[in-house]
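# attaching a predicted model along with its sequence, questions to come.
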Amino acid sequence: MERSEVTAWRPPRTCDDYWSEFRHCKSLWNCFHHYYAYGTSPSCQQWKVDYNSCRDWEKHRSTEAKEALQRSERSRVAEQRKFIPVWELRRDPPTDWHLPLNQDKPQDS
């Protein structure tokens, strides 16, 4: 019974996914894009740590590796959730959506 509880948990991604993310992060194109967008080089070490933890989990079923993967994925999800949308989505169309556009008026800039 105890053995089935241990093997029932799986990492949220396959180990190959962690390795692919690490390779993508280290790619020249991604480094250039990240430097252009943010002004710094990307930090790719977490992907490598996650890959090693995943391999450790697959080989030894280490509880430390399991907890490290869970912490990493939780922090990754929390990081994604902290960004708010740029635009507020509207529920209904504008009241004058069916009227023709005023192309004669100069637009504010």
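Nice, I can see it.

# below-threshold pLDDT in this protein: ranges please.
Scanning the chain for pLDDT under 70 picks out 1-7, 105-109.

# the helices in it, which residues?
For the chain, the helices defined by DSSP state H occupy 2-8, 15-26, 28-38, 45-60, 63-81.

# grab the nearest non-local neighbour of residue 46.
Excluding the flanking residues, the one nearest residue 46 by CB to CB, 6 or more residues apart in numbering is residue 72, at 6.4 Å. Every C-beta, even on glycine, is put in place using the N, C-alpha and C of the backbone.

# ok, the one you found - contacts?
Residue 72 is in contact with 46, 49, 50, 53, counting by CB atoms under 8 Å, 6 or more residues apart in numbering.

# burial of residue 55, as a residue count?
Residues near residue 55, counting by other CB atoms under 10 Å, number 14.

# isn't it up against residue 15?
Yes - judged on CB atoms under 8 Å, residue 55 makes contact with residue 15 at a distance of 5.6 Å.

# rewinding a little: so the residue nearest to residue 46 versus residue 51, what's the distance?
11 Å (CB to CB, to the nearest Å).

# with residue 34 instead?
19 Å.

# who has more neighbours, the two?
residue 51 (21 against 16).

# which non-adjacent residue is nearest that one?
Using CB to CB, 6+ apart, the nearest residue to residue 51 is residue 18, at 3.9 Å.

# report the contact partners of that neighbour.
Neighbouring residues of residue 18 by CB under 8 Å, 6+ apart: 47, 50, 51, 54.

# good, we can wrap up now.
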